[in-house]
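Enquirer: sequence first, predicted model second:
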2 protein chains.
Amino acid sequence: MKKLAVGIDIGGNNTVYGLVDIDGKIVADSSFRTMKYQKFDLFLEALVHGLQLLQESVKEETELIGIGFGAPCGNYYTGNIEHAANLKIWGEVLPVAEKLSVYYPNLPVVITNDANAAAIGEMLYGAAKGMKNFTVITLGTGLGSGIVINGELLYGHDGFAGEFGHIIVSPNGRECGCGRCGCLETYASGSGIVRTVYKLLADHRDPSELKAISFNELTGEMITKAAENGDPVAIEAFAHTGLYLGRALADLVAITAPEAIFLFGGLADAGKYIFEPTREQMEANMLSFWKGKVKLLPSGLENKNAAVLGAAALAWKKFNEQQ
Amino acid sequence: MKKLAVGIDIGGNNTVYGLVDIDGKIVADSSFRTMKYQKFDLFLEALVHGLQLLQESVKEETELIGIGFGAPCGNYYTGNIEHAANLKIWGEVLPVAEKLSVYYPNLPVVITNDANAAAIGEMLYGAAKGMKNFTVITLGTGLGSGIVINGELLYGHDGFAGEFGHIIVSPNGRECGCGRCGCLETYASGSGIVRTVYKLLADHRDPSELKAISFNELTGEMITKAAENGDPVAIEAFAHTGLYLGRALADLVAITAPEAIFLFGGLADAGKYIFEPTREQMEANMLSFWKGKVKLLPSGLENKNAAVLGAAALAWKKFNEQQ
């Protein structure tokens, strides 16, 4: 009987889910648009139905060992999604673990946020294998972080630790979706670098292919392409992003002393354009005994299925600990 | 036979040591000037002799269960003091655990920095009893931090986590003893508030009793007294200190989500003058779901013997875990 973990990642746009074996191989996976369902109960019903179809699609006999769930504002302690801005249509508190246990009464359900899931995925299947102290920074629309201390995720007192995207790097700086100003993710994220490009276009007169693109249409991926084409504004925008990110990572090192920091997600795919300025600023701002010692690395997970892998890794980690 | 732990705290000025029972009662203690001894070996010899005298002074029969050692740059993993600026005369790396084991071959020796020791002291004997996620901030000449995650000290990959005094709160700000600029402890510490008073005296014309005191002589204690007398510069200096400290603590909450943060040490004795502006800034800068929930509290340890208590607590914690 082949043992498989369920990995589920809810995003504001898509929900992806899959069955993952102990070696991190995704045996079957699928996805649908999250907001196709107006109610949380209908969403869950569709998800469970989808999982049944996946399980049936596997040729061998299978046994599920647990369910891992990555979601914005997923709380490890309560098993709920709590106050997730882009799932508010379903309610303020969504009791994921409780409701799933009706469908799967004998399976443990582990839920946490997507960045934490990515960190456990990195530890089990990625570039953090064998590491006990590291951080994964997810650079998507926003900035998330999964901080691993001594082999365990840092959840904190209430389950919401790791809000590194919301440390304030510029008092009275850019308005953030959280209602405050100057949060790291308003500078160092996919949406942050778009704002930086617009700031540079406002302040300077350099030629740039990005002048042809509206704020709504501009993405981190386009800025990466422009940088690869030698666009000076795009390259400068990455330098600004790295300035804020590198400084903030130096502070994170002072607090948590990790072996390595991994950059994951869309903006991390910009390679040297994001890594070089970030590493330079991180090195410049660390205490001397850390200089040259803390690794800044790309994630070892493929972006495409990392969300499912990370979520399933939560379930595998729990299963392994109970054996 | 009365079981006792040895607690030792080396400071640049004084070394204090004592024998502590399981309830946190200091049964006997003593101290001497650290730099009375030009060599580390001579220092250790004197310390061991002092401990023998202490043990003989106890009326009942005693059994030592372990040695806890708080020291600047004390490394939990290696058992060494590494690169401590104010102990450099003895060498760069001081193998404390190894050398003590010659005198006490059967006793476990636990070493870490003084702020970490204070945090374990707070957990065993102070106001953090029963808490699993909290931070102790020591406000002495500098700023130290002991961060407890899930009941364990945060040591990080190399043993040096918790350098919260060296997060950079003002790029290109005040020169720090670490060789960089703008570290938190150049603003929020005993030496930091002295600099803030001098800055305020330079910039403004308010009357102040502090104008009569030289930079070398001015202490945090004097500034506290002046604030209690209604001195406007002293009160403003505490407000500035709280501004930097409160903002930084809000960032620490975003990363570690603690139940409480304790302020400990000389500057914390200023009571409302330091707590009120710090709390106000911390509240103003936290994400909304943490507002009003994370406690900012004074330490529950008496300052006088806290160093010995904290160091002994390291040994008791280890002993308790092994039973």
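Expert: Structure's in. What do you need? Residues are numbered from 1 along each chain as shown, chains lettered A, B, ... in the order given.

Enquirer: any idea which helix or strand carries the residue lying farthest from the centre of chain A?
Expert: Centroid-distance maximum for chain A: A:Arg205 at 35.0 Å, with CA atoms, centre = their mean. Using DSSP states H and E, A:Arg205 sits within no helix or strand.

Enquirer: and it, how close does it get to A:Ile213?
Expert: A:Arg205 is 18 Å from A:Ile213, where distance means CB to CB, to the nearest Å. C-betas here are computed from N, CA, C, even on glycine.

Enquirer: need the phi and psi values for A:Thr62.
Expert: With angles defined as degrees, to the nearest 10, A:Thr62 sits at phi -130, psi 160.

Enquirer: what are the boundaries of the helices in chain A?
Expert: A:40-57, A:96-103, A:114-125, A:190-203, A:220-228, A:232-256, A:272-285, A:303-322 (DSSP state H).

Enquirer: what sits against A:Leu287?
Expert: Neighbour list for A:Leu287: A:254, B:163, B:166, B:178, B:180 [criterion: CB atoms under 8 Å, 6 or more residues apart in numbering or on different chains].

Enquirer: shaky segments in the stretch 51-200 of chain A?
Expert: Regions of the stretch 51-200 of chain A meeting the criterion pLDDT under 70 are absent.

Enquirer: and the residue of it closest to chain B?
Expert: Closest to chain B within the stretch 51-200 of chain A is A:Gly156: 2.5 Å, counting by CB to the nearest CB.

Enquirer: contact partners for that residue?
Expert: Contacts for A:Gly156 (CB under 8 Å, 6+ apart) come out as A:162, B:133, B:149, B:256-258.

Enquirer: which non-adjacent residue is nearest it?
Expert: Leaving out its chain neighbours, the residue that sits closest to A:Gly156 by CB to CB, 6 or more residues apart in numbering or on different chains is B:Ala257, at 2.5 Å.

Enquirer: just give me the neighbour total for A:Ser189.
Expert: The local packing of A:Ser189 (other CB atoms under 10 Å in any protein chain shown) involves 27 other residues.

Enquirer: do I have it right that it meets A:Leu139?
Expert: Yes - in this structure, A:Ser189 is within contact of A:Leu139 by CB atoms under 8 Å, at 5.7 Å.

Enquirer: shared neighbours, the two?
Expert: Joint contacts of A:Ser189 and A:Leu139 (CB under 8 Å, 6+ apart) are A:Leu267.

Enquirer: just to revisit the earlier point, tell me the one among the contacts of A:Gly156 nearest to B:Val6.
Expert: B:Ile149 (26.5 Å; CB to CB).

Enquirer: what about that closest one, distance to chain A?
Expert: Going from B:Ile149 to chain A by CB to the nearest CB, to the nearest Å gives 6 Å.

Enquirer: isn't that residue up against B:Thr135?
Expert: No - the pair B:Ile149 / B:Thr135 is not scored as a contact, 9.4 Å apart, by CB under 8 Å.

Enquirer: more crowded one of these two?
Expert: B:Thr135 (28 against 25).

Enquirer: my guess is the more buried one meets B:Leu143, correct?
Expert: No - with contact defined as CB under 8 Å, B:Thr135 does not reach B:Leu143; the gap is 11.7 Å.

Enquirer: what's the overlap in contacts for the two?
Expert: Going by CB under 8 Å, 6+ apart, residues that sit against B:Thr135 and also against B:Leu143 are B:Phe164.

Enquirer: residue of the stretch 201-323 of chain A nearest chain B, please.
Expert: Closest point on the stretch 201-323 of chain A to chain B, by CB to the nearest CB, is A:Ala257, at 2.5 Å.

Enquirer: pLDDT wise, what is A:Lys304 at?
Expert: Looking at A:Lys304, its pLDDT is 63.

Enquirer: tell me which parts of the stretch 1-150 of chain A are close to chain B?
Expert: A:83, A:132-134, A:145, A:147, A:149-150 (CB under 8 Å from any CB of the partner chain).

Enquirer: tell me the contacts of the residue nearest in space to the middle of chain A?
Expert: Nearest residue to the geometric centre of chain A (CA atoms, centre = their mean): A:Ala115, 3.5 Å. A:Ala115 makes contact with A:136-138, A:144-146, A:162 under the criterion CB under 8 Å, 6+ apart.

Enquirer: most neighbours among those, which one is it?
Expert: A:Val136 (33 neighbours).

Enquirer: thought it was touching A:Phe262?
Expert: Yes - counting by CB under 8 Å, A:Val136 touches A:Phe262, with 4.7 Å between them.

Enquirer: what touches both of these two?
Expert: By CB under 8 Å, 6+ apart, A:Val136 and A:Phe262 have these common neighbours: A:122, A:128, A:299.

Enquirer: now the first one, nearest residue through space, not along the chain?
Expert: For A:Glu122, the nearest residue in space outside its immediate sequence neighbours is A:Ala128; the separation is 4.2 Å by CB to CB, 6+ apart.

Enquirer: with the last one instead?
Expert: The spatial neighbour of A:Ser299 that comes closest, neighbours along the chain excluded (CB to CB, 6+ apart), is A:Phe264 at 3.9 Å.

Enquirer: please name the bridge partners of that neighbour.
Expert: Note on A:Phe264: beta-bridge partners A:Thr138, judged by DSSP bridges.

Enquirer: verify the stated contact: it with A:Leu139.
Expert: Yes - A:Phe264 lies in contact with A:Leu139 (CB under 8 Å); the separation is 6.9 Å.

Enquirer: of the two, who's got more company?
Expert: In terms of neighbours (other CB under 10 Å), A:Phe264 is the more surrounded of A:Phe264 and A:Leu139; the figures are 30 against 26.

Enquirer: circling back: please report how far the residue nearest to A:Glu122 lies from A:Val48.
Expert: Taking CB to CB, one finds A:Ala128 at 31 Å from A:Val48.

Enquirer: now swap in A:Thr112 and tell me
Expert: On the measure of CB to CB, A:Thr112 and A:Val48 end up 20 Å apart.

Enquirer: more neighbours: which of these two?
Expert: Neighbour count, other CB under 10 Å: between A:Thr112 and A:Val48, A:Thr112 has more, with 28 against 16.

Enquirer: show me what contacts the more buried one?
Expert: Here A:Thr112 is in contact with A:69-70, A:74-76, A:153, A:155, A:159, A:314 (criterion: CB under 8 Å, 6+ apart).
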